[in-house]
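A.B. asks: Next input, structure requested:
(chains A and B)
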Amino acid sequence: MEYNFNEIEKKWQAYWAEHKTFKAEIKKDKPKFYVLDMFPYPSGAGLHVGHPLGYIASDIYSRYKRNKGFNVLHPMGYDAYGLPAEQYAIQTGTHPAVTTEKNIARYRQQLDQIGFSFDWDREVRTSDPQYYKWTQWTFIQLFHSYFNNETNKADKIEHLVSKFETEGNTNVNAATSQEEIFTAEDWKAKTEFEQQELLMNYRLAYLANTTVNWCPALGTVLANDEVKEGLSERGGHPVEKRMMKQWLLRITAYSQRLLDGLNTIDWSDSLKETQKNWIGRSEGASVEFEVKGVDEKIEVFTTRPDTLFGATYMVLAPEHELVAQITSEEQKAEVEEYVTWAKNRSERERMSEVKTVSGKFTGGYGINPLTGQEIPIWVADYVLMGYGTGAIMAVPAHDTRDFAFAKHFELPIIQVVSQEGEEPTDPATWEDSYDSKDGISINSGFLTGMKTKKAIKAAIHKMKEMGIGEGTINYRLRDAIFSRQRYWGEPFPVYYKDGMPQTLNEDQLPLELPEVDKYLPTESGEPPLARATNWKTEEGYQLETNTMPGFAGSSAYYYRYMDPNNQNEYFSKEAVDYWQNVDLYLGGDEHATGHLLYSRFWGMFLFDLGMTVKAEPFQKLINQGKIQGRSSFVYRVNGTNKYVSYGLRKEYQTTRLHVDISFVNNDVLDTEAFKAWRAEYADAEFILEDGKYVCGWEVEKMSKSKYNVQNPDHLIEKYGADTFRLYEMFLGPLESHKPWDTNGIEGVFRFIRKFWRLFHNEQNEFEVSDAEPTKPELKILHQTIKKVADDIERFSFNTTVSQFMICANELTDLKCNKKAILEPLTVLIASYAPHIAEELWQNFGHTESISDAEYPKFVAEHVAENNFSYPVSFNGKMRFKMELPVTMNPKEVEAAVLESPDAEKWLGGKAPKKVIVVPKRIVNIVI
RNA sequence: GCUCAAGUGGUGGAAUUGGUAGACACGUUGGACUUAAAAUCCAAUGAUCAUCGCGAUCGUGCGGGUUCAAGUCCCGCCUUGAGUACCA
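C.D. replies: The predicted structure follows:
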């Protein structure tokens, strides 16, 4: 074999490992560059061709930056805690640590054979006590912190306590769920238990009784981002709402900073948009409504205080605390029944019934503070307890949902917004609500005649004056539920003393995950950790039995990589001062609202503690697209065991069946392999076209059940890692989703062998010449130097591969085997195909790794041309080309073109109306 | 429903600032080499028309518009994918 990739690749992988070629160290004289991949969860299935796509791109970028003179940090590790290993443990009794270890070994072996430039000395695993010690440590800091809205950052809870001792909470502006105002005397009068309970309303990590997403099948609660369409993201099990006492992180305190920070980072617009929507900021006003005959006020949130005059009824969420108090005797039974029904529905049921209107009248009345009018109070599940205050004023004329509700229950509708110069019509005749963000107030007392924007301001001003409301900002973002009733996660560094949670001392960390007899909840429904014997502190206090969620360990691993073996602190000041933050982060977009939001929050908190130097952890972020499978199909003639070829299938009644892509080559089925596949196909008969059985195909998700999984191990065995790397990049733009084409890899394999032949004679001996390069040879080299650098910088990896092909084709045509050309070319390709590059580099006589080589300098003269071939268009249509010196000015070009015989033919004797000359681009003649 | 992204040959895709549409590959067809196959090399390959070695017309989802010039910018639609789901 001429190009023995197997031998070459093994040789260089061993070399890199042995010489620790990619070990990153702080080098203050060199600029740093931190390239990070989202670390994988090591699943049992191993990698398929989709997984390494991002790793290859980031590896190319890392190697390129290294050649460009940067000190590159490019680490890898494992997000080792997770549900699959635990589910497997429940079924088989195998400890999740064992499964995880095994899967990691397999991942490592698969990663190694692709030839990545990771610094493996920096590997982290979230399930390693030396790692999760710092996850626990951060939790303790969060517990002892609150968010000061005055300084807009986290502060020590002790500072808050001393304030309470001197002046109570009257002047405290903090992110809190504490509503009640108290004085210093009140504070001092409280028992320690009461004080601790109150502080929970301020802590950034706090314990609270709250509505959670409970997943019975997984036996745990889930965070909002772990629930997709009412089902658990992992496993797709139904999720329901439940009240439970849980740990939460007060991420909502950072809502505004999380929003503002988006303007400072280089992420895709769509990802920023997703985060913006998830944070969901809306400006509006809170308004108090008095309740007739009850000494309570209902606070509502509205974005349209200008429509207050159109509020004809109010709605409380079924869970609203005032429902029982407001409900009249006559309505009591009905309302109670409704509330019970609404509370007991699963999320999925609730969502599928979005279009059906339901609700009950409570019998109570609220008083419109501006009109003094009594309006009925309803309870309905279209109002959510989780947003705003869980109560609304309904303006049916101008809100779609209120309109539908009012129509259904025949409640009055009053129009209060109109368009300028438009006559108001009778709302009773409307088909839809009039949702105008931009109009003129009508029927609205002092607001009448004002434009919406002004009316909103005026309404807020008036309400403030009356002391019934004020302008407020609401966020959709909810605090993150941080407890999981699972085994395989970080234990909380928390114990309970007299019913109140206390944190362990930092010197007691890590609190290691205990052994349990079964990975299931106890008989009494407590989490698995309750099974651990003596799960108590030395003093005998009960330790927390919940564990932390998946995002705990992944929220700051990027900082730990900077100093992964530090025994004394999370990471040293020196390390973080040098490495700062991640310059380039690559990963899937499924983490848009989970990991990427929690990480930013976690990073901001560490920044507030003064531990880091950048508020945003990931400066540039790229989401690589998914690689889809290309499924193949056979067409079985119904009721027979005959299979008809794709082109003839219309002549029969057929059923389309997936067939394993390993039996299919260029859409032609290996019928013998197919017959051998399964017993039921052993006697299969085929109706062929042109002597072949042609399969149909479709692009689908890559999955086992569709028999379209491409295994990287097989491809690397067949073509080598360098070809595999090049082909993954050649498939298309990094960020777009694209199908894996089984056939295309052959073309890249052809290219790499062609490339190899440039350096070798017919006996496959390395042979390059010392001759001076010619102008065309220098031209293609320098074009390539420029194109490759430009394309890598803009993450256009597919076009770089094309350029390598163009370059190799051209040098082959020129029969160029000159060292002066091929040696720099080797450096250019080193980031994409590192093994072959190292081998050739060594043959040139180098003793150092090519990763230390300098990226070749681009010399513009080499690509400069004396002439430019002008495309000449007539009325925008290209008709002919004309070669002219680049030194000609537009006037001269125009003259030269008009004089040419070609132009004469197209002009047909007429004088051109206008001639446009763009130097070195185009000539356009208008006739 | 709302938000975002994307629609270019038989296929993956290229065209970076409005300036030669289809680079580079795959596939297909024909040819060379070979006992044969593989490998390799050469040629053709958007569609239609053509007195097919001159050429012409059409062509980047659809319909308009701006411009000397539009795949690229603007307006309206269609389709696909993703996210979100009563957010007041």
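A.B. asks: And the helices in the stretch 651-800 of chain A?
C.D. replies: Along the stretch 651-800 of chain A, counting by DSSP state H, counting those that start in this stretch, helices occupy A:671-677, A:712-719, A:721-730, A:745-758, A:775-793, A:797-813.
A.B. asks: RNA strand B is nearest to which of those helices?
C.D. replies: helix A:745-758 (2.4 Å; Cβ to the nearest atom of the strand). Where you see a C-beta, it was placed from the backbone N, CA and C, and this is true even at glycine.
A.B. asks: Enumerate the residues of the stretch 151-300 of chain A near RNA strand B.
C.D. replies: By Cβ under 7 Å from any atom of the strand, the residues of the stretch 151-300 of chain A that approach RNA strand B are A:224-225, A:228-229, A:269-270, A:273-274, A:277-278, A:280, A:282, A:284.
A.B. asks: what's the closest of those to RNA strand B?
C.D. replies: For these, the nearest to RNA strand B is residue A:270 (2.9 Å; Cβ to the nearest atom of the strand).
A.B. asks: Nearest spatial neighbour of the closest one, chain-adjacent residues omitted?
C.D. replies: Nearest non-adjacent residue to residue A:270, counting by Cβ to Cβ, 6 or more residues apart in numbering: residue A:589, 8.0 Å away.
A.B. asks: quick one on the thing from earlier: JSON lines for the helices of the stretch 651-800 of chain A, including distance to residue A:338 and mean pLDDT?
C.D. replies: Shown next, in JSON lines, are the helices of the stretch 651-800 of chain A (distance: least, Cβ to Cβ, whole Å; pLDDT from 0 to 100):
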{"stretch": "helix A:671-677", "distance to residue A:338": "57", "mean pLDDT": "87"}
{"stretch": "helix A:712-719", "distance to residue A:338": "56", "mean pLDDT": "90"}
{"stretch": "helix A:721-730", "distance to residue A:338": "56", "mean pLDDT": "94"}
{"stretch": "helix A:745-758", "distance to residue A:338": "61", "mean pLDDT": "92"}
{"stretch": "helix A:775-793", "distance to residue A:338": "61", "mean pLDDT": "94"}
{"stretch": "helix A:797-813", "distance to residue A:338": "58", "mean pLDDT": "94"}
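A.B. asks: Count the residues that sit near residue A:868.
C.D. replies: 18 (other Cβ atoms under 10 Å).
A.B. asks: ok, which residues in the stretch 801-927 of chain A are in contact with RNA strand B?
C.D. replies: Residues of the stretch 801-927 of chain A lying close to RNA strand B by Cβ under 7 Å from any atom of the strand are A:801-802, A:805-806, A:809, A:812-813, A:869, A:871, A:873, A:875-879, A:881, A:914, A:916, A:918, A:921-922, A:924, A:926.
A.B. asks: I only care about these that end up buried; give me the PyMOL line for that.
C.D. replies: For the buried members of those, the matching PyMOL selection, counting by 16 or more other Cβ atoms under 10 Å, is:
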select buried, chain A and resi 801+805+873+924
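A.B. asks: for residue A:280, what are its contacts?
C.D. replies: Contacts of residue A:280 were listed using Cβ atoms under 8 Å, 6 or more residues apart in numbering, and they are A:474, A:475, A:476, A:477.
A.B. asks: So which bits of the stretch 501-650 of chain A are right by RNA strand B?
C.D. replies: A:589, A:590, A:592, A:593.
A.B. asks: Of these, which is the nearest to residue A:91?
C.D. replies: Among those, residue A:590 lies closest to residue A:91 (Cβ to Cβ), at 25.8 Å.
A.B. asks: And for that closest one, the neighbour number?
C.D. replies: Neighbourhood size, residue A:590 [other Cβ under 10 Å]: 15.
A.B. asks: And residue A:193, by the same measure?
C.D. replies: The number of residues packed near residue A:193 is 11, by other Cβ under 10 Å.
A.B. asks: What does the pLDDT read for it?
C.D. replies: On the pLDDT scale, residue A:193 is placed at 93.
A.B. asks: gap between it and RNA strand B?
C.D. replies: Distance of residue A:193 to RNA strand B, computed by Cβ to the nearest atom of the strand, to the nearest Å: 33 Å.
A.B. asks: Give the residue spans of the stretch 201-350 of chain A that score low on pLDDT.
C.D. replies: Counting by pLDDT under 70, the stretch 201-350 of chain A contains low-confidence residues at A:346-348.
A.B. asks: Let's see that with 90 instead.
C.D. replies: Along the stretch 201-350 of chain A, segments meeting pLDDT under 90 span A:209-244, A:263-264, A:266-274, A:276-277, A:280-284, A:292-296, A:318-319, A:321, A:339-350.
A.B. asks: Now stretch A:153-163: buried residues?
C.D. replies: Buried residues in stretch A:153-163, counted by 16+ other Cβ under 10 Å: A:153, A:154, A:155, A:157, A:160, A:163.
A.B. asks: Point me to the residue of the stretch 1-150 of chain A nearest RNA strand B.
C.D. replies: residue A:2 (7.8 Å).
A.B. asks: OK, contacts around residue A:661?
C.D. replies: Residue A:661 neighbours (Cβ under 8 Å, 6+ apart): A:629, A:630, A:631, A:632, A:707, A:708, A:710, A:742.
A.B. asks: try 7 Å this time
C.D. replies: Contacts of residue A:661 were listed using Cβ atoms under 7 Å, 6 or more residues apart in numbering, and they are A:632, A:707, A:708, A:742.
A.B. asks: Going by distance to RNA strand B, which of these wins?
C.D. replies: residue A:742 (8.2 Å).
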